[in-house]
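Undergrad: sequence plus the predicted model coming up.
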Amino acid sequence: MIGLRGLEVEAGGFAVGPLDLDVMEGEYGVLLGPSGAGKTLVLEAVAGVRRIRAGRVLIDDDDVTSLAPERRRVGLVFQDGLLFPHLDVAHNVAYGARRRGGAGGRRQGSDAGRLAELAEETGITRLLSRRPATLSGGERQRVALARALAARPRVLLLDEPLSAVDVEAREDLQDVLRRVCGAERLTVLHVTHDRAEAFALADSCALLVDGTLRQTGAPRDVLRWPADESVARFLGARNVLAATRAEDDACVAVLSAGGRLRAEEPLPSALASVVVRPENVQLRRAGGGPPATAALRGRVVRLALQGGHVLVSVDTPVRLEALVPERVAERLGLTVGAVVDVTVEPEAVHVLPRR
Amino acid sequence: MRGRRPSLFAVLCAVAGALLLAFVLLPAASMVVGAGAGLLGDALRQDDVRRSLWLTLVAALIATAVAFVVGVPLAYLLARRDFTGKRLVEGVIDLPIVFPHTAAGIALLTVYGSDGFMGRLLAPLGLRFTETVAGIVLAMLFVSLPFLVDTAREAFALVDERYEKVARTLGSSPGGAFARVTFPQAWRGVLAGAVLMWGRGISEFGAVVILAYNPKVISVLTFERFEGFGLRAAQPPAVLIVIVAFVVFVVLRTVLLPRRRRSRKGAA
């Protein structure tokens, strides 16, 4: 278990915190945030390799705030692996095992067995005699993971471990992380700026923006109900719209730029921001008559292919973005200039109080 | 298949380099040729020249060893830590570079001479610095220390500090991380600094001659012969030290310091 209590860290005039965060035992926690949010500072503070300004760090209920890094029993993997270049893979992996292993043949024997097992689990057995400089990004990260695990850490700290890896190797490495951390019942704190990576791996998620923890929760909840505009935008909710509560119906948001959207719950305040994820925006080719009830009529101004989907920008007059499957876009005959009716189901309208 | 013709810029660089090489090589070659093999053989058979050569090489080596022990930790500290007065410390380390070397000798004499503060303090321990090998080592150490500290500092700064962070989480103490992770990556740079310092030490004259005219290091012996017997007599010891230093430099650079890889676009 990792616990942060009022943690404050500072580096070069940039301050993070105070943060309170828990990653429960055996949980895969992801600290998600844009670049420069202070994620690495938090991770280094947990590892003990960065001095903290205030607060406490708990590992398995032990207060390790004043402990040196070598006594905390944490595994740390950086973005670029940082394998020791003067050692081959086998010696890199054995580095921590030897330091933490005691004297005696029996222990050494069990360590050798453990190293072989780890090499097998992380898929690096055939790399053991290689030098780090000859490895690919994905191979380096596997070795770095095996090296961290060989030291038998209580918790594993991962700093953007997949960022320097190509897409194919990234998926393999995600599988390795999920499998190995699950098998070892490890508590993990993984920091990343990549939303897809976070949601692919996380049991729990925490959003850090500008050094402040904005939201924690299950990935699905964070994605569906972002706590504020900055979180919503970072999580890809492209439609964040200023609105006021309708006088005749508290569940209706009157968009500042024109149009109305119905939410499931009453708006919490007179001024609000409405968040709608683009995949929840539905489009229909407009007929000759007036728009259907609860629909906004608009004109397509931009189409952008995204994998098997098309991101459609519609001026209603407020700009809304919809993500529709490519075949749906084709069926609707969506082109720039086409007139469409836009609808959003009330349960897909998330309302944030606006100050 | 024809190779690519070198660009005008590459040619200009080569010409500039050739001029510089000629500037350095011409006096050295002239001295070697002027001395001749016979004279060199004679010089090697002379006890005072052999003693002087040995003394010079060993004194410079001792100075380098002392600097290694005290200078490498300082270089590491300067590479890794920011602290109040850091720039001042760096300036102090570089001070001997701008000191006229005779002035350095006089400064050392005022502190380590028989009437100097440190001289009086260390005399009961049997350490005297005037007209002794210890004085020669002291003078060499003072004038050449910046070469080791500055080069070692750069070498440590080139090693990503995060390696040490990883090593710490793997159970190493700060000293262990330095010894097992940082130094093995920086040792070539540190060695280059040590070679530079040793080379600067063997060529020292100004500070040595003030502090310890005797026993004579090779630069002092060369000067004495030039003053007493003229150019021809001074050439053999001078040529000898140049050849020895050159051979040591080339061997060390070839054997211990691998060729720096050129960074080329598209290189694996």
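TA: Thanks, I have the structure now. Owing to the predicted nature of the structure, the values given are computational and were not obtained by experimental measurement.

Undergrad: and stretch B:238-251, what's its mean pLDDT?
TA: Averaging pLDDT along stretch B:238-251 gives 83.

Undergrad: any idea how far B:Ala192 is from B:Ile93?
TA: 17 Å (C-beta to C-beta, to the nearest Å). The way it works is simple: take the backbone N, C-alpha and C, and place the C-beta from them, glycine included.

Undergrad: list the buried residues for stretch B:36-53?
TA: For stretch B:36-53, a neighbour-count test (16 or more other C-beta atoms under 10 Å in any protein chain shown) marks B:39-40, B:43, B:49, B:52-53 as buried.

Undergrad: hmm, who's touching the helix or strand in which B:Ala167 is found?
TA: Using DSSP states H and E, B:Ala167 maps to helix B:161-169. Applying C-beta atoms under 8 Å, 6 or more residues apart in numbering or on different chains, the contact partners of helix B:161-169 are A:44, A:47-49, A:68-70, A:72, A:74-76, A:78, A:82, A:84, A:95-96, A:148, A:151, A:153, A:157, B:80, B:174, B:176-178, B:180-182, B:185.

Undergrad: of those residues, just the buried ones, ChimeraX syntax please.
TA: Those of these that count as buried under 16+ other C-beta under 10 Å are selected in ChimeraX with:
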select /A:44,47,48,49,69,70,72,74,75,76,78,82,84,95,96,148,151,153,157 /B:80,176,177,178,180,181,182,185
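
Undergrad: which of the contacts of helix B:161-169 fall within strands?
TA: Of the positions in the contacts of helix B:161-169, A:74-76, A:157 sit in strands, assigned by DSSP state E.

Undergrad: where along the stretch 151-268 of chain B do the helices fall?
TA: For the stretch 151-268 of chain B, applying DSSP state H, counting those that start in this stretch gives helices covering B:161-169, B:174-177, B:183-202, B:206-211, B:218-229, B:231-255.

Undergrad: among these, which is nearest A:Val310?
TA: helix B:161-169 (42.0 Å; C-beta to C-beta).

Undergrad: what's the angle from the closest one to helix B:183-202?
TA: 120 degrees (axes from the mean of the first three to the mean of the last three C-alpha atoms, to 10 degrees).

Undergrad: for helix B:161-169, buried residues please.
TA: By 16+ other C-beta under 10 Å, the buried positions in helix B:161-169 come out as B:162-169.

Undergrad: ok, residue 123 - contacts?
TA: Just going to use chain A. A:Gly123 neighbours (C-beta under 8 Å, 6+ apart): A:142, A:176.

Undergrad: hmm, no, I was thinking of chain B.
TA: By C-beta under 8 Å, 6+ apart, B:Ala123 lies in contact with B:Ser114.

Undergrad: ok so it is a helix residue?
TA: Yes: membership of B:Ala123 in a helix is supported by DSSP: H, G, I helix; E, B strand; the rest coil.

Undergrad: test my guess that A:Ala242 contacts A:Leu255.
TA: Yes: with contacts counted by C-beta atoms under 8 Å, A:Ala242 reaches A:Leu255, the gap being 7.3 Å.

Undergrad: who's more crowded, the two?
TA: A:Leu255 (18 against 15; other C-beta atoms under 10 Å in any protein chain shown).

Undergrad: now the more buried one. Its backbone dihedrals?
TA: phi -70, psi 140 (degrees, to the nearest 10).

Undergrad: gap between it and chain B?
TA: Distance, A:Leu255 to chain B, using C-beta to the nearest C-beta, to the nearest Å: 48 Å.

Undergrad: ok, now how distant is that residue from A:Ala263?
TA: 12 Å.

Undergrad: what about stretch A:45-59, near chain B?
TA: Yes: against chain B, stretch A:45-59 shows contacts by C-beta under 8 Å from any C-beta of the partner chain at A:47-49.

Undergrad: list the buried residues for that stretch?
TA: Going by neighbour count (16+ other C-beta under 10 Å), the buried part of stretch A:45-59 is A:45-50, A:52, A:55, A:57-59.

Undergrad: next up, the contacts around A:Leu58.
TA: A:Leu58 makes contact with A:1-5, A:64, according to C-beta under 8 Å, 6+ apart.

Undergrad: would you reformat those as a markdown table and include pLDDT, neighbour count and distance to chain B?
TA: Below are the contacts of A:Leu58 laid out as a markdown table (pLDDT from 0 to 100; neighbours: other C-beta atoms under 10 Å in any protein chain shown; distance: C-beta to the nearest C-beta, whole Å):
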| residue | pLDDT | neighbour count | distance to chain B |
| --- | --- | --- | --- |
| A:Met1 | 91 | 16 | 18 |
| A:Ile2 | 92 | 24 | 14 |
| A:Gly3 | 92 | 20 | 18 |
| A:Leu4 | 93 | 24 | 17 |
| A:Arg5 | 94 | 16 | 21 |
| A:Val64 | 94 | 23 | 12 |
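
Undergrad: how about those residues in JSON lines, adding secondary structure and distance to A:Val339?
TA: Listed next are these as JSON lines, based on DSSP: H, G, I helix; E, B strand; the rest coil; distance: C-beta to C-beta, whole Å:
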{"residue": "A:Met1", "secondary structure": "coil", "distance to A:Val339": "56"}
{"residue": "A:Ile2", "secondary structure": "strand", "distance to A:Val339": "53"}
{"residue": "A:Gly3", "secondary structure": "strand", "distance to A:Val339": "55"}
{"residue": "A:Leu4", "secondary structure": "strand", "distance to A:Val339": "52"}
{"residue": "A:Arg5", "secondary structure": "strand", "distance to A:Val339": "56"}
{"residue": "A:Val64", "secondary structure": "coil", "distance to A:Val339": "62"}
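
Undergrad: residues in the stretch 51-200 of chain B within reach of chain A, list them.
TA: Counting by C-beta under 8 Å from any C-beta, the residues of the stretch 51-200 of chain B near chain A are B:160, B:162-163, B:165-173, B:176, B:180-181, B:184-185.

Undergrad: quick one: find the helix or strand in chain A with the lowest mean pLDDT.
TA: Lowest by mean pLDDT, DSSP states H and E among the helices and strands of chain A is helix A:105-122, with a mean of 74.

Undergrad: how about the residues of the stretch 1-150 of chain A by chain B?
TA: A:44, A:47-49, A:68-70, A:72, A:74-76, A:78, A:82, A:84-86, A:95-96, A:99-100, A:147-148.

Undergrad: which among the residues of stretch A:45-59 next to chain B gets closest to chain B?
TA: Minimum distance to chain B across those is 4.0 Å, recorded for A:Val49 (C-beta to the nearest C-beta).

Undergrad: returning to that earlier point: joint contacts of A:Ala242 and A:Leu255?
TA: Shared contacts of A:Ala242 and A:Leu255, defined by C-beta under 8 Å, 6+ apart, are found at A:Val274.

Undergrad: mind checking how far the one residue in the stretch 1-150 of chain B that gets nearest to chain A is from A:Ala242?
TA: Among the residues of the stretch 1-150 of chain B, B:Asp82 lies closest to chain A, at 10.5 Å counting by C-beta to the nearest C-beta. For B:Asp82, the distance to A:Ala242 (C-beta to C-beta) stands at 45 Å.

Undergrad: before we move on, what about B:Gly17?
TA: From B:Gly17 across to A:Ala242, the span is 66 Å (C-beta to C-beta).

Undergrad: nearest residue to residue 246 in space, please, no chain neighbours.
TA: All of this refers to chain A. Leaving aside its chain neighbours, A:Ala246 sits nearest to A:Val252 (3.9 Å; criterion: C-beta to C-beta, 6 or more residues apart in numbering or on different chains).

Undergrad: wait, chain B was what I had in mind.
TA: Of all residues not flanking B:Phe246 in the chain, B:Ala28 sits nearest, at 8.0 Å (C-beta to C-beta, 6+ apart).

Undergrad: got any ranges where the chain has weak pLDDT?
TA: Unless you meant another one, I'm taking chain A. A:98-110, A:288-294, A:353-355 (pLDDT under 70).

Undergrad: try again with chain B
TA: Ranges of chain B meeting pLDDT under 70: B:1-3, B:35, B:256-268.
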